[in-house]
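Student: what follows is a predicted protein model with its sequence.
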Amino acid sequence: MRRSATRRMALQSLAAFVAGSPLLETPLLEAQQDPVRDQSRIKALRELESTFDFEPVAFAKLVRSVYDYTAYGSGGEFTMRRNRQAFEWADLIPAATPASGTVQTATTVLGTEMQYPIFVSPTATQGQLHPDGETAMRKGATAASNTPMIVSNNSTLPFAKVAAGPGSPLWVQLYPKQAMDDNKSYLEPAIAAGARAVVVTVDQQAPVYERALRGRNLTAGGRGGGRGGVVSVAASNPYRLPMYRLWYEWRFFDEIRTFVKVPILAKGILTAEDALLCLDHGVDAIYVSNHGGRSLDYSPSTFEVLPEIVDAVRGRVPVVFDGGIRRGADILKALALGANAVCIGRAVRWGLAAYGAEGVQKVLEILQAELKLAMLQTGRTTLAAVDRKMERVHFQ
Ligand SMILES: Cc1cc2nc3c(=O)[nH]c(=O)nc-3n(C[C@H](O)[C@H](O)[C@H](O)COP(=O)(O)O)c2cc1C
């Protein structure tokens, strides 16, 4: 008895010694190490050079299920990967005599003025990534030359709270609700609080994140794990289709138009045919998106379908684009195919998780600087000069 008490005391004092010892720093750093990513420590904000650098920092700082929620695509993640790969099948043609001097990047989309043709995409529950959630996202976007932000229907903070105080322009995103009053009671206060446009997302009828299905017993639950967009398998619904999104039709746009007086966009358009139907139903802009590869797996990459949609729309309404953008060159490639502006989903989420508002700001500033550089290298100093001639695509 005495002997074991003594041994316990000896172990305790050894533990106290180790805890106070600089030796412990090594194991702690190793605990942060992710051998797959060869990340031996968490880099400081000033050390991060590209948007890709923010992902391992977000990975290190978030609990696994929350990190996964941002990382996942649906099914086997073919579409999510293809969104990135498609950019590799397009070359930017360098100018033999690169331009120099100032680059003009300011534009206006649906009346919203912006210094760069870049928005923050609507993405859900940013409060999981940072305690100040969407407020921190907006703060970072504001600091990055007043980048407009689209607030998700599933935001952690209510729209009015995100909109409180000065900051960058806001649009609001809506998942259609079957009872028209539910759309009204969500949109009207948001528009009153300053939402300058409404983005109606039509593309997420059946999100099935296989990776979340596999991991559901390993996580404590919540969006990133147990739920994570995974629809429970009821005998009456063997394909896990979320019934709450399967009813809507094109006339939904006609119906919300009766009370929405700001511009309306349809988000999730992937075909020329649907783009033309948008025009028939008075939609003010087409938002080409496949939800970052989180909806129908094996749907095409957004970059590959962009030209056919731009050609069908023929400049009658703006075309906004997202999916896989991680570099300024990706932005220029989308603009060259005819997008009026692009939106950024995961990259700014990594920024928010990694370093809060400052992380968001830096991610956006990196993209802005890279866009300008790519414009100079291709000899284009204005957005008006950006055209298809500067790009060679290999998938047509
Ligand atoms: C974690 C996460 C949450 C998202 N939540 C929403 C949402 O609430 N509403 C919506 O319209 N799109 C949502 N999206 C899709 C994004 O708006 C956007 O289309 C996509 O992230 C763009 O691809 P990227 O992440 O490769 O930039 C979400 C995407 C991610 C990654």
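Tutor: Nice, I can see it. Numbering: from 1, shown residues only.

Student: nearest spatial neighbour of the residue in the stretch 201-350 of the chain positioned nearest to the ligand, skipping sequence neighbours?
Tutor: Here the stretch 201-350 of the chain gets closest to the ligand at one residue, G345, 2.1 Å apart by C-beta to the nearest ligand atom. Just so you know, the C-beta spots here come from the backbone N, C-alpha and C atoms, and that holds for glycine as well. Excluding its sequence neighbours, the residue lying closest to G345 (C-beta to C-beta, 6 or more residues apart in numbering) is S121, at 4.0 Å.

Student: for F87, see how far away the closest residue to R346 other than its chain neighbours is.
Tutor: Ranked by C-beta to C-beta, 6+ apart and with sequence neighbours excluded, the top spatial neighbour of R346 is T70, at 5.8 Å. Applying C-beta to C-beta, to the nearest Å, the value for T70 to F87 is 20 Å.

Student: what is the helix or strand harbouring L279 packed up against?
Tutor: Element membership for L279 (DSSP states H and E) is helix 272-280. Based on contacts counted as 3 or more C-beta pairs under 8 Å, 6 or more residues apart in numbering; DSSP states H and E, the elements that helix 272-280 packs against are strand 264-269, helix 302-313.

Student: quickly compare the ones you listed and say which is most buried.
Tutor: Among the helices and strands packed on helix 272-280, the stretch with the highest mean neighbour count (mean count of other C-beta atoms under 10 Å) is strand 264-269, at a mean of 25.

Student: average pLDDT for that strand?
Tutor: When pLDDT is averaged over strand 264-269, the result is 98.

Student: partners of it in the sheet?
Tutor: Sheet pairing for strand 264-269, assigned by DSSP bridges, gives strand 198-201 (parallel), strand 285-288 (parallel).

Student: return the most buried member of those.
Tutor: Between the strands paired with strand 264-269, the one whose residues have the most neighbours on average, counting mean count of other C-beta under 10 Å, is strand 285-288 (a mean of 28).

Student: contacts for that one?
Tutor: Strand 285-288 is contacted by residues 109-110, 197, 199, 263, 265-270, 275, 278, 302, 305-306, 309, 313, 317-323, 339-340, 343 when judged by C-beta atoms under 8 Å, 6 or more residues apart in numbering.

Student: apart from its chain neighbours, what residue comes closest to D387?
Tutor: A336 (6.5 Å).

Student: tell me the contacts of the one you found?
Tutor: By C-beta under 8 Å, 6+ apart, A336 lies in contact with 92, 386-388, 390-391.

Student: likewise V162?
Tutor: 134-135, 138, 149, 151, 155, 170.

Student: how much space separates M80 from the ligand?
Tutor: Here the distance between M80 and the ligand works out to 7 Å (C-beta to the nearest ligand atom, to the nearest Å).

Student: before we move on, what about L352?
Tutor: As defined by C-beta to the nearest ligand atom, L352 lies at a distance of 11 Å from the ligand.

Student: give me the number of residues near that residue?
Tutor: Under the neighbour criterion other C-beta atoms under 10 Å, L352 is assigned a count of 31.

Student: any idea which element it lies in?
Tutor: Using DSSP H and E, L352 sits within helix 346-377.

Student: distance-wise, check the closest residue in space to T105 that isn't next to it in sequence relative to A353.
Tutor: On the basis of C-beta to C-beta, 6+ apart, the spatially nearest residue to T105 that is not a chain neighbour turns out to be Y116, at 4.8 Å. Look at Y116 and A353: by C-beta to C-beta, they are 23 Å apart.
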